[in-house]
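Colleague: output the structure for:
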Amino acid sequence: MALYEELKVHGYDAFCTAVGDRKGKDIFAYFSGDTGADGKSWCPDCVKAEPIVRGEMSHLPEGSVFIYCLNPGNDFKKTLKLSGVPTLLRYGTPQKLVEEECFKANLVRMMFTED
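Modeller: Just a heads-up that it's a prediction; the model follows:
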């Protein structure tokens with residue numbers, strides 16, 4: 001059994017609801033381009049980063065939440081200051097990995113393990 005909660009949301013409103021329902025928890029959010037009928041993202045960097053991020057999820061803190069968010073549109077860009085996908089962030093902190101930084105397992109692990 002996982003020591004963290006994982007959920008997948010689509011769009012800004014669903015993300016806000018997920019975060020609001022989990023106030024007080026350590027929340028990590030991974031933003032990716034939407035997926036097609038084949039289940040793959042249109043974003044080649046997202047396709048490359050996802051197995052790296054998933055491979056480090058065993059390092060997530062106990063009791064934390066991992067939100068996989070598809071289709072990060074303009075609302076995300078404004079409120080969370082997303083500059084591209086993929087982006088991995090620790091919600092409520094300045095900690096953020098953007099695009100190629102998500103390819104580096106050591107950086108992803110640091111995000112999950114360091115305060």
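Colleague: use CA for all of it now, contacts and neighbours both
Modeller: OK.
Colleague: any idea what the residue nearest to the spatial centre of the chain is bridged to?
Modeller: The geometric centre of the chain, computed from its C-alpha atoms, lies nearest to Y30 (CA atoms, centre = their mean), at 1.1 Å. In this structure, Y30 has beta-bridge partners Y68, L88, where bridges are defined by DSSP bridges.
Colleague: what residues does it make contact with?
Modeller: Under the criterion of CA atoms under 8 Å, 6 or more residues apart in numbering, the contact partners of Y30 comprise F66, I67, Y68, C69, P86, T87, L88, L89.
Colleague: residues of the least confident helix or strand in the chain by mean pLDDT that come out buried?
Modeller: For the chain, scoring each helix and strand by mean pLDDT, DSSP states H and E identifies helix 74-79 as the least confident one, at a mean of 80. Residues of helix 74-79 classed as buried under the neighbour-count rule (16 or more other CA atoms under 10 Å) are F76.
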